[in-house]
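Participant: Just need the structure, nothing else, for what follows:
(chains A and B)
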Protein chains: 2
Amino acid sequence: MSLIDHTHDPLARSWVASANADDTDFPIQNLPFGRFRRAGTGEDWRLGVAIGDQILDLKLAVGAGPWDLRWSSPLQRLLEVLALGDLNVFMALSAAERRSVRHGLFAGLREGSLGEAALQSCLVPQAVAEMSLPCFIGDYTDFYTGIHHATTVGKLFRPDNPLLPNYKWVPIGYHGRVSSIGVSGSTVRRPLGQLKAPDSEVPVLAPCKRLDYELELAAFVAGGNALGEPISMAKADDHLFGVTLLNDWSARDIQAWEYQPLGPFLAKNFGSTISPWIVTMDALEPFRVPFAHPEGDPQPLPYIDSAKNRSEGGYDIDLEVWLQTAAMREKGEPATRLMRSNFKHAYWTLAQMLTHHASNGCNLQPGDLMGTGTQSGPEAGEGGSMLELSQGGKQAMTLPNGEQRTFLLDGDTVILRAHTARPGTRRIGFGDCAATITPAPSSIS
Amino acid sequence: MSLIDHTHDPLARSWVASANADDTDFPIQNLPFGRFRRAGTGEDWRLGVAIGDQILDLKLAVGAGPWDLRWSSPLQRLLEVLALGDLNVFMALSAAERRSVRHGLFAGLREGSLGEAALQSCLVPQAVAEMSLPCFIGDYTDFYTGIHHATTVGKLFRPDNPLLPNYKWVPIGYHGRVSSIGVSGSTVRRPLGQLKAPDSEVPVLAPCKRLDYELELAAFVAGGNALGEPISMAKADDHLFGVTLLNDWSARDIQAWEYQPLGPFLAKNFGSTISPWIVTMDALEPFRVPFAHPEGDPQPLPYIDSAKNRSEGGYDIDLEVWLQTAAMREKGEPATRLMRSNFKHAYWTLAQMLTHHASNGCNLQPGDLMGTGTQSGPEAGEGGSMLELSQGGKQAMTLPNGEQRTFLLDGDTVILRAHTARPGTRRIGFGDCAATITPAPSSIS
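Facilitator: Numbering: from 1, shown residues only, chains lettered A, B, ... in the order given. The predicted structure follows:
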């Protein structure tokens, strides 16, 4: 059964004029969820939906009803969940309930809606809003589905053995740190850490010299599973809520020294940044693509395989990394694009990540975050990290203003961007995932 | 300045008679915190302090005041934090404030206290209570401070290279799963997972055949640090709240196939079990011991070194693992002890774990949990896991009733125990950390 419906109609328009601009990330076909307040007011955080350059304040909007009578079916009760300001409660609703809210919001915001007058007063310009994390994140897992990244980076860490034998069987993942996840617009402080030069006998504590970003998407879990109860591939899609961008900042020199045998730790947990708007799986429905492992590779084991996953388990999402250095910012020069890639190259799908994660009975919960791992493309120049673009720091990149980079310098702002676009669909975007590097502390005291 | 005071006096006695028994885990010198309710009542969870075979209900006890006038200094306000039932708020208080609550509780519970009559009605027998996790755990980190475990297990996973070069420099740690942490008395379901036999080309999804426990302690963080702001060794002790037992259940066959290059994931996150009572750092003060790396090993880098850590950074805590099989339980036979060890053998101290964790600016929060890693002793037979005791599954152990084990079978109950004991001190214990294995699901559907 196709889940594509009138809310995906590329010709649909909103009475919010900016939502009809060709280059907006947030046309009426998108309707992503975020958590915001008017900057500087100290008012309570509330949930909103991005529409053009505005935010529909869901706390106000639910009071502007009755939605049931005007625009849609039994909806008021579901909207009241959103008005409470706790997205996790909404995430736990069934896929059908969440979809009916999408339909209701679409009906209220579309051109000609009876709700226009009432909802006009519920709009807040994005320009005056500050954003928080969209929900409470109980656990954060990062996967490693970018096979081109895994191969290139594997060559740097293990020249003889870049792609380990388990990679094509196991959706490799590991647990990350929740407390240091921030939202776009944050700063990230360069970490101190143990660094050991190859020609040195002894490590030293010093500021990271090989600070890097990683271009990832991350999926939020919708309804969870009870401890001890796996989730089948047939049910996986209903357990996925939506997707943001994720910058998995990485200290390559700390990582190289610390990561054996239990994986990355301080090389990663000093900060991660996500984009503020969760693009729902419903909004991404038109951008599904077939999924297959390359010919000659093993087929997925049955527990992470399904006909649906093969026919439409992938998502065609364009990904980009942009950089604005301090010098560029001072001169008013815009950010420059470092690379482009696409999520369709991932070696495992979101459904496979989720089903594998719960296959041992691990209990997922609404709001849990699952990163995809770095999404590098197959071609040179499509690396999703500086480690790849600079060939392990050996080949500096020259920026348009003449500056050079192998790794990030203090004052650099990294911006991740993503959008979908295919013939016959309306382009939808993710909003910026941006953060700026600040200097390391001089010591620990 | 010594923090040993009258609350550690080995001769102090409580008007709760069971607290004066020689073999109680909970004499008046202990006073650990937990979260409980009367089993089967469905009443709200509340905080309590274990005393002998009773629990002092802190919600009732605070109302039995006024504590300020009767037994102690300005205390009522601090006790009201505990009466709210949220231990994390209490954990965030200063070390001095937390210590003054210990003094107040000690004054109220000691023999001859003016509070005896009022507090008698605030006791709940442990036998009728059910316990929950004692606090909200935001992030869970597991370290790897057991060098004897690391060496023995390293030999099994990497015969040529058991102890990696970073081990003696870096307090190795990694992030674990929060959602599947349960409290003593839970069951743990045997996980399904990808298993690949050495002689097989292809992995299969099957129930774990090498299910194991790991004997660990785990420290709870008290006050946290802001993101980007490390914690010095001089301040580390104030950021530690207390300690529980931790069983880091491990699926050795899943682990062997999945763990490279990003560390253990599904091999661990199907379940972890902690003991319900947090023994505070204050209670453990008399059991501090000097800490040093063996002669010839590197000295800790300055950021994880201090005179105090060398003179008293370690803790002398006896650790034990007990096993009761289903057959033993059916016949009414008691559990049998599999091994003994001591936390003083750890290669890194709790203060070093904490300072290292925050050295890159990672923000720790009240209630975060830091496991110590498996605490095996230096001698054969002191392994803190079955993997060690059975020499990688090659040498079965024979139990007193004739049963044999290399790894855990369904129905096995594993019980971790810990206590301190030294001349001139009162023995204090941790309470049991027990859980029972239930069968794996037959498939994922």
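
Participant: For the rest of this, base every contact and every neighbour count on C-alpha atoms.
Facilitator: Fine.

Participant: quick one: contacts of stretch A:417-428?
Facilitator: With CA atoms under 8 Å, 6 or more residues apart in numbering or on different chains as the test, stretch A:417-428 has contacts from A:8-11, A:22-27, A:29-30, A:245, A:286-287, A:316-322, A:429-433.

Participant: Could you give me the PyMOL syntax to select whichever of these are buried?
Facilitator: Listed next is the PyMOL selection for buried residues among those, using 16 or more other CA atoms under 10 Å in any protein chain shown:
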select buried, chain A and resi 8+24+25+26+27+29+30+245+286+287+316+317+318+319+320+321+322+429+430+431+432+433
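
Participant: by contact count, what packs against the helix or strand that contains residue A:150?
Facilitator: Assigning secondary structure by DSSP states H and E places residue A:150 in helix A:147-157. Counting contacts by 3 or more CA pairs under 8 Å, 6 or more residues apart in numbering or on different chains; DSSP states H and E, helix A:147-157 packs against helix A:386-389.

Participant: After the helix it packs on, heading C-terminal, what element do we hit next?
Facilitator: Taking DSSP H and E, what comes next after helix A:386-389 is strand A:397-398.

Participant: continuing past that next one, what's the next helix or strand?
Facilitator: strand A:404-405.

Participant: Contacts for that following strand, please.
Facilitator: A:396-399.

Participant: Can you show me the strands along the stretch 101-250 of chain A?
Facilitator: A:123-125, A:129-132, A:140-143, A:173-176, A:181-183, A:187-189, A:192-195, A:204-207, A:211-212, A:215-221, A:240-247, A:250-251 (DSSP state E, counting those that start in this stretch).

Participant: need these in JSON lines with mean pLDDT and distance to chain B, can you?
Facilitator: As requested, these are arranged in JSON lines below (pLDDT from 0 to 100; distance: least, CA to the nearest CA, whole Å):
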{"stretch": "strand A:123-125", "mean pLDDT": "98", "distance to chain B": "29"}
{"stretch": "strand A:129-132", "mean pLDDT": "98", "distance to chain B": "16"}
{"stretch": "strand A:140-143", "mean pLDDT": "98", "distance to chain B": "8"}
{"stretch": "strand A:173-176", "mean pLDDT": "98", "distance to chain B": "5"}
{"stretch": "strand A:181-183", "mean pLDDT": "98", "distance to chain B": "10"}
{"stretch": "strand A:187-189", "mean pLDDT": "98", "distance to chain B": "6"}
{"stretch": "strand A:192-195", "mean pLDDT": "98", "distance to chain B": "5"}
{"stretch": "strand A:204-207", "mean pLDDT": "98", "distance to chain B": "7"}
{"stretch": "strand A:211-212", "mean pLDDT": "98", "distance to chain B": "12"}
{"stretch": "strand A:215-221", "mean pLDDT": "98", "distance to chain B": "13"}
{"stretch": "strand A:240-247", "mean pLDDT": "98", "distance to chain B": "16"}
{"stretch": "strand A:250-251", "mean pLDDT": "98", "distance to chain B": "10"}
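
Participant: between the ones you listed, which one is nearest to residue A:408?
Facilitator: Between residue A:408 and the strands of the stretch 101-250 of chain A, the tightest spacing by CA to CA is seen for strand A:211-212, at 5.4 Å.

Participant: ok now the closest one, how far from the chain's centre?
Facilitator: 19 Å (CA atoms, centre = their mean, to the nearest Å).

Participant: The strands of the stretch 101-250 of chain A into CSV, with extra columns for distance to residue A:2?
Facilitator: Formatted as CSV, those follow (distance: least, CA to CA, whole Å):
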stretch, distance to residue A:2
strand A:123-125, 32
strand A:129-132, 34
strand A:140-143, 28
strand A:173-176, 30
strand A:181-183, 33
strand A:187-189, 42
strand A:192-195, 50
strand A:204-207, 52
strand A:211-212, 40
strand A:215-221, 21
strand A:240-247, 17
strand A:250-251, 39
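
Participant: any chance you could read off phi and psi for residue A:382?
Facilitator: phi -110, psi 20 (degrees, to the nearest 10).

Participant: One more: residue A:355?
Facilitator: phi -70, psi -40.

Participant: picking up where we left off before, between the strands of the stretch 101-250 of chain A, which gets nearest to residue B:229?
Facilitator: Going by CA to CA, the one of these nearest residue B:229 is strand A:187-189, 9.1 Å.

Participant: which helices and strands sit right next to that closest one?
Facilitator: strand A:433-438.

Participant: Just the residues contacting the longest helix seen in chain A, thanks.
Facilitator: Criterion DSSP state H: the longest helix present in chain A is helix A:95-109. Contact partners of helix A:95-109, identified using CA under 8 Å, 6+ apart, comprise A:7, A:14-16, A:28-29, A:31, A:67, A:71-73, A:75, A:78-79, A:90-91, A:113-116, A:119, A:238-239, A:282.

Participant: and what of stretch A:186-206?
Facilitator: Contacts for stretch A:186-206 (CA under 8 Å, 6+ apart): A:207-208, A:211, A:251, A:253-254, A:257, A:266, A:270-271, A:273, A:410, A:434-441, B:169-170, B:228, B:301, B:303, B:359-361.

Participant: Per the annotation, how does chain A divide into domains?
Facilitator: A:6-131, A:140-438 (automatic domain parsing).

Participant: The last one: end-to-end distance?
Facilitator: The distance separating the two terminal residues of domain A:140-438, taken as CA to CA, to the nearest Å, comes to 24 Å.

Participant: if we can go back for a sec, of the contacts of stretch A:186-206, buried ones?
Facilitator: Judged by 16+ other CA under 10 Å, buried ones among the contacts of stretch A:186-206: A:207-208, A:211, A:251, A:253-254, A:257, A:266, A:270-271, A:273, A:410, A:434-438, A:440-441, B:169-170, B:228, B:303, B:359-361.

Participant: The helix or strand residue A:418 falls within: what's the following helix or strand?
Facilitator: Following DSSP H and E, one finds residue A:418 within strand A:413-420. With elements assigned by DSSP H and E, the helix or strand that comes after strand A:413-420 is strand A:428-429.

Participant: Partner strands of that following strand and their direction?
Facilitator: Applying DSSP bridges, strand A:428-429 is found paired with strand A:413-420 (antiparallel).

Participant: What is the neighbour count of residue A:227?
Facilitator: 19 (other CA atoms under 10 Å in any protein chain shown).

Participant: Across the sheet, point out what pairs with residue A:436.
Facilitator: residue A:187, residue A:413.

Participant: quick one: it and residue A:143, what's the gap?
Facilitator: Residue A:436 is 24 Å from residue A:143, by CA to CA.

Participant: next one: residue A:403
Facilitator: Taken as CA to CA, the span from residue A:403 to residue A:143 is 33 Å.

Participant: ok, these two, which is more surrounded?
Facilitator: residue A:143 (24 against 12).

Participant: if you skip the residues just before and after it, what's nearest to that one?
Facilitator: Distances taken as CA to CA, 6 or more residues apart in numbering or on different chains put residue A:173 closest to residue A:143, at 3.9 Å, once the chain neighbours are dropped.

Participant: Tell me who's in contact with that neighbour.
Facilitator: Counting by CA under 8 Å, 6+ apart, residue A:173 has contacts A:141-144, B:262, B:265.

Participant: and with 6 Å instead?
Facilitator: A:142-144 (CA atoms under 6 Å, 6 or more residues apart in numbering or on different chains).

Participant: State the distance from it to residue A:234.
Facilitator: 21 Å.

Participant: What residues does the stretch 201-350 of chain A have near chain B?
Facilitator: A:228, A:232, A:262-263, A:265, A:269-270 (CA under 6 Å from any CA of the partner chain).

Participant: quick one: the helices in the stretch 251-400 of chain A?
Facilitator: For the stretch 251-400 of chain A, helices defined by DSSP state H, counting those that start in this stretch occupy the ranges A:252-258, A:281-284, A:307-312, A:326-330, A:350-358, A:386-389.

Participant: which one of these lies closest to residue B:371?
Facilitator: Across the helices of the stretch 251-400 of chain A (criterion: CA to CA), the nearest stretch is helix A:252-258, sitting at 17.6 Å.

Participant: quick one: the closest one to chain centroid distance?
Facilitator: Distance, centroid of helix A:252-258 to centroid of chain: 25 Å (CA atoms, centre = their mean).
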